[in-house]
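# structure for the following, please:
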Amino acid sequence: MLTTRFVTGAPNWIDLGTPDIDGATTFYGGLFGWQFQSAGPDSGGYGFLQLAGKTAAGGMQTTPEQGPPSWTVYFQTPDAEATAKAAEHAKGSVMMQPMDVMDEGRMAILGDEAGVPFGVWQPGRLKGVDVAGVPGSLTWVELYTPDIPAAAAFYYTVFGWETSATPFPGGTYTCINPSGAREEDMFGGVVALADDPIEAESGAYWLPYFEVSDTDATVSKTQALGGTVRMPATDVEGVGRIAKLADPYGARFAVIKSVPQQS
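Residues are numbered from 1 along each chain as shown. Got it, this is the predicted structure:
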């Protein structure tokens, strides 16, 4: 699962675009205990969603012209320009050109070969999220795509990701990790849209998973706070108990109570 021991190609940031940052903060505050802290007067309304004083994510209010409410996953790069060029060469796209974020770092929003948006973050003063892999924080990411081999080839070209097939009841799951990384640095997976009826209707995208201490309680709280349940709490053998949810504005995410990893 994800940690803050960031390496090139691994997720190091995540943020929320929402039409109502106050309402979203109320929702995620009730769900995960997050509090919103402004990034300052020059940040354009951007701020940090903090868990006990540690940044778990970012967020800002967005307009319909900026896209639907959603979570964006960012991957670490030592050179945002080079990564953007690699994405274009791999038949992807540059949706937002590399730009400096004050002295915090450098970012870009790219699209993969299927048009799925994702971000890259070149660390400056801000290395990434302060907390990961614990309840209330990002712990896993999952790409839903129409073509796993094509997606694997794209991200290999851009980030050097390695993939491996892990057997699960009813089939196999494609895991991803940074090039040359240890098995414990594995941070996500790739799923064919055709293999998941829930996601097939939604189209290709990156789904973030947040760790929780009780999946069923989180599902109930999501409904009480005005969110929706896209997939009820379900056990995945050897992995944990997961559920797919959406906040009151439609931004999709998942939660997991992970099975303790054996040392």
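# which stretches in the stretch 51-200 of the chain count as helices?
80-89, 148-159, 197-200 (DSSP state H, counting those that start in this stretch).
# relative to residue 125, which of these is closest?
helix 80-89 (15.2 Å; Cβ to Cβ). From N, CA and C alone the C-beta is placed, and that goes for glycine too.
# I'd say residue 116 and residue 205 touch.
Yes: between residue 116 and residue 205 there is a contact at 5.7 Å, judged by Cβ atoms under 8 Å.
# which one, of the helices of the stretch 51-200 of the chain, ends up nearest to residue 7?
Residue 7 sits nearest to helix 148-159 of all those, at 10.4 Å, using Cβ to Cβ.
# need the winner for burial among the helices of the stretch 51-200 of the chain.
Sort those by mean neighbour count, taking mean count of other Cβ atoms under 10 Å, and helix 148-159 sits at the top with a mean of 19.
# next, the angle helix 80-89 makes with that helix.
Inter-element angle recorded for helix 148-159 and helix 80-89: 150 degrees (by axes from the mean of the first three to the mean of the last three Cα atoms, to 10 degrees).
# hmm, who's touching helix 148-159?
Identification of contacts with helix 148-159 by Cβ atoms under 8 Å, 6 or more residues apart in numbering yields 8-9, 75, 77, 83, 86-87, 89-92, 110, 112-114, 143, 145, 161-163, 174, 176, 178-179, 190-192.
# quick one: contacts for residue 33?
51, 52, 136.
# for residue 131, see how far away the second one is.
Shown here: residue 52 relative to residue 131, a distance of 8 Å by Cβ to Cβ, to the nearest Å.
# those two - which one has more neighbours?
Ranked by neighbour count (other Cβ atoms under 10 Å), residue 52 and residue 131 place residue 131 first, with 20 against 12.
# return the residues in contact with that one.
Contacts of residue 131 (Cβ under 8 Å, 6+ apart): 4, 51, 54, 55, 56, 137.
# what's around the nearest residue to the third one once chain neighbours are set aside, how many residues?
Leaving aside its sequence neighbours, residue 54 sits nearest to residue 130 (Cβ to Cβ, 6 or more residues apart in numbering; 3.8 Å). Other residues near residue 130 number 16, with proximity taken as other Cβ under 10 Å.
# hang on, isn't residue 130 packed against residue 58?
No: proximity of residue 130 to residue 58 does not meet the contact threshold set by Cβ under 8 Å, at 11.4 Å.
# what's the neighbour count on the residue lying closest to residue 7 once chain neighbours are set aside?
Among residues not flanking residue 7 along the chain, residue 178 sits closest, at 4.9 Å (Cβ to Cβ, 6+ apart). Neighbours of residue 178 under the rule other Cβ under 10 Å: 20.
# mind listing what residue 178 touches?
Residue 178 neighbours (Cβ under 8 Å, 6+ apart): 7, 8, 9, 10, 159, 160, 161, 162, 185, 187.
# gap between it and residue 249?
According to Cβ to Cβ, residue 178 stands 32 Å off from residue 249.
# before we move on, the earlier item: mutual contacts of residue 116 and residue 205, please.
Common neighbours of residue 116 and residue 205 (Cβ under 8 Å, 6+ apart) are residue 143.
# out of the contacts of residue 178, which end up buried?
Of the members of these, the ones counted as buried by neighbours, 16 or more other Cβ atoms under 10 Å, are 7, 8, 9, 10, 159, 161, 162, 185, 187.
# got the contact list for stretch 77-94?
Here stretch 77-94 has contacts from 8-9, 97-98, 106-113, 115, 120-122, 153-154, 157-159, using Cβ under 8 Å, 6+ apart.
# if we use 6 Å, what do you get?
98, 106, 108, 110, 111, 112, 113, 120, 122, 154, 157, 158 (Cβ atoms under 6 Å, 6 or more residues apart in numbering).
# what mean pLDDT does it have?
Mean per-residue pLDDT for stretch 77-94: 98.
# check stretch 27-47 too.
Averaged across stretch 27-47, pLDDT comes to 93.
# how about that stretch: buried residues?
Under the neighbour-count criterion of 16+ other Cβ under 10 Å, stretch 27-47 has 27, 28, 31, 32, 34, 36, 39, 46, 47 buried.
# give me the nearest residue to the third one, chain neighbours excluded.
In this case it means residue 31. The nearest residue in space to residue 31 (Cβ to Cβ, 6+ apart) is residue 221, at 5.7 Å.
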